[in-house]
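J.: The following comprises the amino acid sequence and a computationally predicted model.
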Amino acid sequence: MACVWKVILLSVFIVSGRSSNEMKGYFWHISDLHWDPSYNVGSTSASKCASSGDRPTPNAGIFGDYSCDSPWTLINSTLSAMRNIMPHPDFIIWTGDDTPHVPNEQLGVEPVLHIISNLTHIIKTTFPNTKVYSAMGNHDYHPKSQMPPEKNYIYEQTANLWHSWLHATSKETFKIGGYYTEKLLNRTGFRVMVLNTNLYYDQNKLTENIKDPADQFRWADKVLQDAAKNNEKVYIIGHVPPGFFEKKRDKAWFRKEFNKRYIDLIQKHSAVIQGQFFGHHHTDSFRMFYSSKGSPISSMFLTPGVTPWITTLPGVINGGNNPGIRIFEYDIKTLLVKDMLTYYMNLSYSNKVHERWEKEYRLTEAFRVPDASPASMHSVMERISSDKCYLQKYYEFNSVNYDLIECNADCRVDHVCAMREVDFEAYEKCVEKEGGSSTAPVLFTLLLSLMLSLLCLN
């Protein structure tokens, strides 16, 4: 174990040394922990967890299995790694999805609250003096995804669990619709807006015919208007993102009308928005927002999940990931996102050899940009779009080094168009323009793969 933490402690020195010239702050972003209390390494049955469904898991290890959600050993390892890598972050963003991928009948209101409570407790215990800004995921309700646009027992009880993290005014709006806003770290000029975007999820039947569920769009518009009047900069936090899933073509999460309203909100208030931080995908990606004239105005960062669970969404191939966590570096005077560092656990290695969390990449080093501003993220997207080596690098980061196959022409279209176009019609035009095809001859594909591997050796 000592050898493992040598690498990690070196990383601590790299990211936590703050000079007066740089004026950087640091915060953690974690998402999609999906604790499965049923996970049982010692079981003699073919399946070791409820979240695997019908998929056998005969070789499930101590830290998990790609067909399962997170065992407690992985949850504990994740929080321990965060503490060892950066024990004193300025704050933590936690973007939800706490319960396992199991049928509703295997859960219930109290089991859901029990899981949220346990995860809240371990975060508070590990970081007792750190402010946490937490958003609910679609799996943080029973029945899952069916979050109501009104007061209810789960909102109320979750607010009680997060009592020490929420201001009095935050609790009021949270109990109404699962959203809130506060000054970031009580500092004048900085604000956090935590949204309940599960209200816009196309699987939420309770909001299907409502124009503005829980009055959240009107509220968010006013929060951002007031932020402009008060010269505040804002971070937006949520779980389900707008736009499309990069691993399945044409798969959107929001209903179309909600997707458009969200884009309109960002375009209208981009001057005060300094970053958007979401989860849900379990993958590592980002989304670009542009002005009506085509200038990059905002970026949404999608952090990878802790759970390694291979998605059962039809049509998705290799839809698993290694557990990932992320540190953001930001300018403490402007809230500009300066950089991000992703750490991960190679699950297969940790199960077979020993527990190990390691740095996967630093954004500015991997993609050669000066910071993580919208202009820089636009440059990253253009490099991924035009350079096969950058595309392949991004693709491997996307699954946190789980899926290492070649990203072919169709793969490129799916990822680039998802990053570039959050709007429904613009996404369709992008896919049509880029013209992905899966009919390339096998010999040509093999030759291209060989050339790519030679080009990307460094």
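T.: Perfect, I can see it now.

J.: Run through the strands of this structure in chain order.
T.: Secondary structure of the chain (DSSP state E): strands at 24-30, 91-94, 131-134, 180-183, 190-194, 233-237, 273-278, 285-290, 296-302, 324-331, 337-345, 357-362.

J.: can you list those in CSV and add mean neighbour count, distance to Asn160 and mean pLDDT?
T.: Using the backbone N, CA and C atoms, a C-beta is placed for each residue, glycine as well. Output for the strands of the chain, formatted as CSV (neighbours: other C-beta atoms under 10 Å; distance: least, C-beta to C-beta, whole Å; pLDDT from 0 to 100):
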stretch, mean neighbour count, distance to Asn160, mean pLDDT
strand 24-30, 22, 21, 97
strand 91-94, 22, 17, 98
strand 131-134, 22, 13, 98
strand 180-183, 21, 14, 98
strand 190-194, 23, 17, 98
strand 233-237, 23, 20, 98
strand 273-278, 25, 24, 98
strand 285-290, 22, 33, 98
strand 296-302, 23, 29, 98
strand 324-331, 24, 27, 98
strand 337-345, 23, 32, 98
strand 357-362, 19, 32, 98
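
J.: Was I right to think Glu267 contacts Ile297?
T.: If you look again at residue 267, you'll see it is Gln, not Glu. Yes: using C-beta atoms under 8 Å, Gln267 is in contact with Ile297, at 6.8 Å.

J.: got a list of what Thr173 touches?
T.: Applying C-beta atoms under 8 Å, 6 or more residues apart in numbering, one finds that Thr173 lies in contact with 179-181, 219.

J.: ok, back up a step: which residues are in contact with each of Gln267 and Ile297?
T.: Shared contacts of Gln267 and Ile297, defined by C-beta under 8 Å, 6+ apart, are found at 289, 291.

J.: Low-confidence ranges, this protein, go.
T.: 1-22, 44, 436-458 (pLDDT under 70).

J.: Would you point out which residue is most central in it?
T.: Gly279 (2.5 Å; C-alpha atoms, centre = their mean).

J.: Adding distance to Lys48, write the strands of the chain out as TSV.
T.: Formatted as TSV, those follow (distance: least, C-beta to C-beta, whole Å):
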stretch	distance to Lys48
strand 24-30	24
strand 91-94	27
strand 131-134	29
strand 180-183	38
strand 190-194	35
strand 233-237	33
strand 273-278	30
strand 285-290	30
strand 296-302	29
strand 324-331	22
strand 337-345	18
strand 357-362	23
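
J.: closest to Gly61 out of these?
T.: strand 337-345 (11.2 Å; C-beta to C-beta).

J.: how close does Met300 get to Ala220?
T.: Per C-beta to C-beta, to the nearest Å, Met300 is found 15 Å from Ala220.

J.: Ok, Tyr349 next?
T.: 43 Å.

J.: So which of these two has more stuff around it?
T.: Using other C-beta atoms under 10 Å, the more surrounded residue of Tyr349 and Ala220 is Ala220, with 20 against 14.

J.: you'd agree the more buried one is up against Leu265?
T.: Yes: proximity of Ala220 to Leu265 meets the contact threshold set by C-beta under 8 Å, at 6.1 Å.

J.: Which elements pack onto the longest helix along the chain?
T.: Criterion DSSP state H: the longest helix present in the chain is helix 109-126. In terms of contacts (3 or more C-beta pairs under 8 Å, 6 or more residues apart in numbering; DSSP states H and E), helix 109-126 is packed against helix 72-85, helix 153-161.

J.: Please name whichever of these is nearest to Gly275.
T.: It's helix 72-85; of the helices and strands packed on helix 109-126, that one is closest to Gly275 (C-beta to C-beta) at 19.8 Å.

J.: From the chain's centroid, how far away is the closest one?
T.: 17 Å (C-alpha atoms, centre = their mean, to the nearest Å).

J.: Now that helix - C-alpha only, CSV.
T.: This file holds the C-alpha atoms of helix 72-85, laid out as CSV (Å, rounded to 0.1, in the frame of the first residue of the first chain):
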residue,chain,number,x,y,z
TRP,A,72,-19.2,-0.2,-0.1
THR,A,73,-15.5,-1.0,-0.4
LEU,A,74,-15.4,1.1,-3.6
ILE,A,75,-17.3,3.9,-2.0
ASN,A,76,-15.0,3.9,1.0
SER,A,77,-11.9,3.7,-1.3
THR,A,78,-13.1,6.6,-3.3
LEU,A,79,-13.6,8.9,-0.3
SER,A,80,-10.2,7.8,1.1
ALA,A,81,-8.5,8.5,-2.2
MET,A,82,-10.1,12.0,-2.3
ARG,A,83,-8.8,12.7,1.3
ASN,A,84,-5.3,11.5,0.4
ILE,A,85,-5.1,13.4,-2.9
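
J.: name the helices or strands packed onto it?
T.: Helix 72-85 makes packing contacts with helix 2-16, strand 24-30, helix 109-126, strand 324-331, strand 337-345, strand 357-362 when contacts are defined by 3+ C-beta pairs under 8 Å, 6+ apart.

J.: Put together a markdown table for these, with distance to Val400 on each row.
T.: As requested, these are exported to a markdown table (distance: least, C-beta to C-beta, whole Å):
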| stretch | distance to Val400 |
| --- | --- |
| helix 2-16 | 16 |
| strand 24-30 | 13 |
| helix 109-126 | 20 |
| strand 324-331 | 4 |
| strand 337-345 | 5 |
| strand 357-362 | 7 |
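
J.: Of those, which is nearest Pro58?
T.: That would be strand 337-345 among these, by C-beta to C-beta, at 21.0 Å.

J.: Give the other helices and strands that the closest one contacts.
T.: helix 2-16, helix 72-85, strand 296-302, strand 324-331, strand 357-362, helix 363-367.

J.: Okay, now the sheet partners of that strand, with direction.
T.: strand 324-331 (antiparallel), strand 357-362 (antiparallel) (DSSP bridges).

J.: With distance to Gly315 as extra columns, can I get those strands in CSV?
T.: Formatted as CSV, the strands paired with strand 337-345 follow (distance: least, C-beta to C-beta, whole Å):
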stretch, distance to Gly315
strand 324-331, 23
strand 357-362, 27
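
J.: Between those strands, which one is closest to Ala228.
T.: The minimum distance between Ala228 and the strands paired with strand 337-345 falls on strand 324-331, with 19.3 Å, by C-beta to C-beta.

J.: Let's see stretch 332-340 as CSV, backbone CA atoms only.
T.: Extracted in CSV, the C-alpha atoms of stretch 332-340 (Å, rounded to 0.1, in the frame of the first residue of the first chain):
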residue,chain,number,x,y,z
ILE,A,332,-10.5,32.6,-6.9
LYS,A,333,-11.0,36.1,-8.2
THR,A,334,-13.1,35.4,-11.3
LEU,A,335,-14.4,31.8,-10.9
LEU,A,336,-12.9,31.0,-14.4
VAL,A,337,-12.2,27.3,-14.6
LYS,A,338,-8.4,27.0,-15.1
ASP,A,339,-7.9,23.3,-15.3
MET,A,340,-9.2,19.9,-14.3
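
J.: What are the contacting residues of that stretch?
T.: For stretch 332-340, contacts defined as C-beta under 8 Å, 6+ apart pick out 23-25, 90, 184, 190, 233-235, 274-275, 299, 301, 326-331, 362-364, 371-373.

J.: ok, 6 Å please
T.: Outside stretch 332-340, the residues that touch it by C-beta atoms under 6 Å, 6 or more residues apart in numbering are 23-25, 190, 233, 274-275, 326, 328-331, 363-364, 371-372.
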